[in-house]
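[1] Just the structure for this:
(chains A and B)
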Number of protein chains: 2
Amino acid sequence: MSTPCLRYNESMGDPQQSFAYEQIAGEITRWIESGIFRPGDRLPSVRQLSQQKQVSITTVLTAYYLLEARGVIEARPRSGFYVRTALPAVLPEPEISAPSLDPAEVSVRDLVTMVLRDALNPRLVQLGVAYPNLALTATRKLNRIMSAIARELGEQSGVYALPAGCDALRVQIAQRMVAAGCNLTPADIIITSGCAEAITLCLRAVCRPGDIVAIESPICFDALQTLEVLGLQALEIPTHPREGISLDALRFAVEHTPVRACLVISNFNNPLGSCMPDAKKRELVALLAQHDIPLIENNIFGEIYFSGKRPTVAKAYDRKGLVMLCSSFSKDLSPGYRVGWTAPGRFAPAVEWLKYTSSLATATLPQLAIAQFLASGSYDHHLRHIRREYARNVAELSLAVTRYFPRGTRVTRPAGGFLLWVQLPEHVDSLELYRRALRAGTAITPGYIFSSPPASATATSSA
Amino acid sequence: MSTPCLRYNESMGDPQQSFAYEQIAGEITRWIESGIFRPGDRLPSVRQLSQQKQVSITTVLTAYYLLEARGVIEARPRSGFYVRTALPAVLPEPEISAPSLDPAEVSVRDLVTMVLRDALNPRLVQLGVAYPNLALTATRKLNRIMSAIARELGEQSGVYALPAGCDALRVQIAQRMVAAGCNLTPADIIITSGCAEAITLCLRAVCRPGDIVAIESPICFDALQTLEVLGLQALEIPTHPREGISLDALRFAVEHTPVRACLVISNFNNPLGSCMPDAKKRELVALLAQHDIPLIENNIFGEIYFSGKRPTVAKAYDRKGLVMLCSSFSKDLSPGYRVGWTAPGRFAPAVEWLKYTSSLATATLPQLAIAQFLASGSYDHHLRHIRREYARNVAELSLAVTRYFPRGTRVTRPAGGFLLWVQLPEHVDSLELYRRALRAGTAITPGYIFSSPPASATATSSA
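    Below you'll find the predicted structure:
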């Protein structure tokens, strides 16, 4: 009870053993890639492999967990480890985007209205918009928690929350963001009605109508619409399908255009699923800081990573308070709760004031329910579950595209989130495809609406 | 079971009898005014009065109910009718405001921040801001309904609502607004995160930064702050403490200034409690229609009237789709639910698009709970209760002001809502009073922050 006791842990403490589980994982991967074990096959039991390779049970288990986190294999309760039924990475990735480098007025409202209407049609198979799979949300559990809090607090549960939000939730968010590399205090965080409100308030805090905002291309169409209604101009920057926004293109843009802000989805971008490597995030922050340009970072998919390690956020590298981190619980917990948040750095007073004057405060009970869910530890359990499920769903959809789509198709290999971006051969008109899919009872989203001038023929699917 | 049967109802059908209950009510009022019956005294029983005046029981009861609704008397269960312990209307009313007729940049942020901080301090007696008395909200009942809906719908309760809101709630609101003289369809209504968001979206739909908005003076400070952050200029129009905005002054303003929109709280204005007579509302709508100026009508206190009849809304007289009616359930049901709405006439598509791009949608479960509360009929029961309570509280606070405030004090006579506006003698500094009240454990709001240039010494209290 006096000195802290450091226990020996073979899979963490010893570099030789770390090497061992990586070796085992590598060997299993080669078995799968070479077709020795095929999708659906059961892998050797942990005990078998431990004896065969002369390593400990822990080493084998660690290798299996690593592969599971990477989406390569899956555990089935009381049965063992299996190769996932589908592996992505068969079709080539889409080409890096090449948008015009001139700022353009955004105007794709009619298309968006059409897509949104479809998205709420329960008779369609929904592959169109970034709505989460309801079976992978936690609404039922949150509802139970919310009911219990409501009973306990009675009329008190109906008071206005502070404009910045309930302290209990801000504390939980600050704690969680440590794992993403951030050092936030609860006072740095402002609760909003979903990530949409967070982005709008951040844009309003740093831009005036007519200003230019550098964005990824393609980018989720909601963001384009938000820029349009705020009277802002979108400057689309080429974006790599796996590594995110091109820093060379962005550097050129900020050096030659009066860019007022930059808006990116740093982890698992909608629609590409791109995830900026940590070193690139650091470089992005440094580049913008050099020009004193605020970075609005949307991290709404950040918790849904398929690999074993949470990616950091650009905010982690923010030294000047210029990064305005935005997120919500709409993709991983419950869309209808409408609870999002922002940590807008040095602009926090301005954003809080905008929140107060725009909608006073976010609803109280949903905030308290999510705070308690986070504090209970249920969130991590839930996230582990949905990461596995989304990884599998994305892999399966990817396999279906590989099997059934025409020669010349390209598809993204997202390492998180639940979106696939499919680039079809030149001759395919994605609008026509969208119409035909609708007639067949399936909603997709034509790629047109992910950039301001009509882009090349593309379509997305959500897994 | 065949022809509808019209039953004779003496208090409604017969003009002679209508006259009779008015006569009885008038006589009782004179008894009270002349001191024959004093606050706290029990009035003659219904049976006694019926025999004495040779009128029916119904006539006497109707007279008593009328006086009760006017806040003059109160019923005590199994005991009879009593003169209310306090009668308003002893001190003179505040003078009509005389703001500058030049548009002015709004900037009272520091004062507002201070007042908001106080408003959330549980150790202070809260007489400062327009937060409802928690004991007169319906959060507990709404919570029970919300829990039941959540159990029943399960994960489905977590879906995104439509940007315009849940149909069930829009239907209920449309039905209720019939009583206020409106002929709205559910499609005319957009659900928002409280009335604050409704006002912001409406202003954004019709104004651009730099535009001039005509407002009542004094006006609730939230509205001034909203104008400021949207870069709009407030043109303050003199406002009568009982009958609302001066139409002569407004006419002069719109004829000589490029007014882009007009914002009023038509029923029980915050802070004055003024209620525009119906004929005046009609005239206001006609005046603005003549100049094609949208009217943003805040009706957040409209259901909390002390007389027997619901006042209409200006929207009822709207023929050109220029009136943008805004309201919420924050004052009468539950502030923390953050459910408001707007019926913005011809601007509905623009407002709906702004809602979609600004916060996507309002939280689903709070909408469904309020819809069911309204559909069940509990809302009317609840409103009858809180109207009586607020009428009594306002009367009591008014009496206290009459008793304890210095000679020269003026006080409003609100016919609804729960606010009192107290105008102190010239030599009193309301900021100094605010500071002294704080030290004594009571939060009031200095009148300064209800107009853009410092106004005369005033302070409000909420009942």
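[2] List, one by one, the residues from the stretch 151-300 of chain A near chain B.
    When proximity is defined as CB under 8 Å from any CB of the partner chain, the stretch 151-300 of chain A approaches chain B at A:151, A:154-163, A:192-194, A:196-197, A:200, A:204, A:208-209, A:222, A:225-226, A:228-229. (Glycine included, C-beta is placed from N, CA and C.)
[3] Taking the residues you listed, please make a ChimeraX selection of just the buried ones.
    In ChimeraX, this line selects whichever of those come out buried by 16 or more other CB atoms under 10 Å in any protein chain shown:
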select /A:155,157,158,159,160,161,162,163,192,193,194,196,197,200,204,222,225,226,228,229
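[4] so residue A:75, which of the three states?
    strand (DSSP: H, G, I helix; E, B strand; the rest coil).
[5] Low-confidence ranges, the stretch 101-250 of chain A, go.
    Scanning the stretch 101-250 of chain A for pLDDT under 70 picks out the ranges A:101-108.
[6] can you rerun that using 90?
    For the stretch 101-250 of chain A, the stretches with pLDDT under 90 are A:101-126, A:128-130, A:159-162, A:175-176, A:178-183, A:221-222.
[7] Kindly report the same for the stretch 251-400 of chain A.
    Along the stretch 251-400 of chain A, segments meeting pLDDT under 90 span A:307-310, A:377, A:392, A:395-396, A:398-400.
[8] Which residue ranges of it form strands?
    Here the stretch 251-400 of chain A has its strands, by DSSP state E, counting those that start in this stretch, at A:259-265, A:295-298, A:323-328, A:340-343.
[9] can you put those strands in JSON lines and add mean neighbour count and distance to residue A:134?
    Output for the strands of the stretch 251-400 of chain A, formatted as JSON lines (neighbours: other CB atoms under 10 Å in any protein chain shown; distance: least, CB to CB, whole Å):
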{"stretch": "strand A:259-265", "mean neighbour count": "25", "distance to residue A:134": "22"}
{"stretch": "strand A:295-298", "mean neighbour count": "28", "distance to residue A:134": "22"}
{"stretch": "strand A:323-328", "mean neighbour count": "29", "distance to residue A:134": "16"}
{"stretch": "strand A:340-343", "mean neighbour count": "28", "distance to residue A:134": "19"}
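[10] What parts of the stretch 301-450 of chain A come near chain B?
    Counting by CB under 8 Å from any CB, the stretch 301-450 of chain A sits next to chain B at A:330, A:334-338, A:353-354, A:356-366.
[11] what's the distance between the residue most central in space within chain A and residue B:330?
    Chain A has residue A:301 as the residue nearest its centroid, 1.8 Å off, counting by CA atoms, centre = their mean. Between residue A:301 and residue B:330 the distance is 33 Å, computed by CB to CB, to the nearest Å.
[12] picking up where we left off before, which ones among the residues of the stretch 151-300 of chain A next to chain B map onto strands?
    Those of those mapping onto strands are residue A:192, per DSSP state E.
[13] what residues are up against residue A:53?
    A:24, A:60 (CB atoms under 8 Å, 6 or more residues apart in numbering or on different chains).
[14] Per-residue pLDDT of it, please?
    For residue A:53, the model assigns a pLDDT of 80.
[15] what about it, distance to residue B:244?
    Residue A:53 is 85 Å from residue B:244, by CB to CB.
[16] what does residue A:294 give?
    Taken as CB to CB, the span from residue A:294 to residue B:244 is 43 Å.
[17] now swap in residue A:60 and tell me
    Separation of residue A:60 from residue B:244 (CB to CB): 79 Å.
[18] again with residue A:174
    Per CB to CB, residue A:174 is found 46 Å from residue B:244.
[19] out of these two, which sits in the more crowded spot?
    Neighbours were counted for residue A:174 and for residue B:244 using other CB atoms under 10 Å in any protein chain shown; residue B:244 has more, 24 against 18.
[20] what about the closest residue in space to the more buried one that isn't next to it in sequence, distance to chain A?
    Excluding the flanking residues, the one nearest residue B:244 by CB to CB, 6 or more residues apart in numbering or on different chains is residue B:276, at 3.8 Å. Distance from residue B:276 to chain A, counting by CB to the nearest CB, to the nearest Å: 25 Å.
[21] What backbone torsions are found at residue B:276?
    The phi and psi torsions at residue B:276 (degrees, to the nearest 10) take the values phi -70, psi 130.
[22] okay but it is in contact with residue B:267, surely?
    Yes: between residue B:276 and residue B:267 there is a contact at 7.3 Å, judged by CB atoms under 8 Å.
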